[in-house]
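[1] show me how the following folds:
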Amino acid sequence: MKGCRPLNRQERKAVLAHAENSRERALKALFALADVLGNVATHSLRKTFAAEIYRLLDGKLEKVQVALGHRSITSTVAYLS
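    The predicted model follows:
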């Protein structure tokens with residue numbers, strides 16, 4: 001946009017933190033509407049997704065790694081532990 005400057009590092013960090021908080025609040029509200037209780041968060045859902053993919057693909061870590069978009073297999077293993 002004309003007249004706009006790029007965000008500096010601190011501003012980008014603040015914007016991303018706000019977006020993350022908004023996603024978490026929206027997710028918690030949706031789960032509350034569905035009467036799902038417990039610790040629900042984007043991270044816990046991602047771990048559940050990783051576990052399901054791992055189970056469905058007969059333990060093929062490399063395919064789980066691709067599904068999660070990880071560069072390192074170590075990151076994928078951490079999600080499954």
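
[2] ok, and for the least confident helix or strand in the chain by mean pLDDT, which residues are buried?
    Within the chain, no helix or strand scores below helix 9-33, which has a mean of 80 by mean pLDDT, DSSP states H and E. Neighbour counts over helix 9-33 (16 or more other Cβ atoms under 10 Å) mark no residue as buried. Every C-beta, even on glycine, is put in place using the N, C-alpha and C of the backbone.

[3] quick check: domain ranges of this structure?
    Following automatic domain parsing, one finds the domains of the chain at 7-36, 41-81.

[4] T48: neighbour count?
    T48 has 12 neighbours, counted by other Cβ atoms under 10 Å.

[5] again, but for the one 3 residues further on
    Using other Cβ under 10 Å, A51 has 13 other residues around it.

[6] A19 and T74, how far apart?
    Distance from A19 to T74, counting by Cβ to Cβ, to the nearest Å: 27 Å.

[7] again but with A50, I slipped
    Where T74 is concerned, A50 sits at a distance of 13 Å (Cβ to Cβ).
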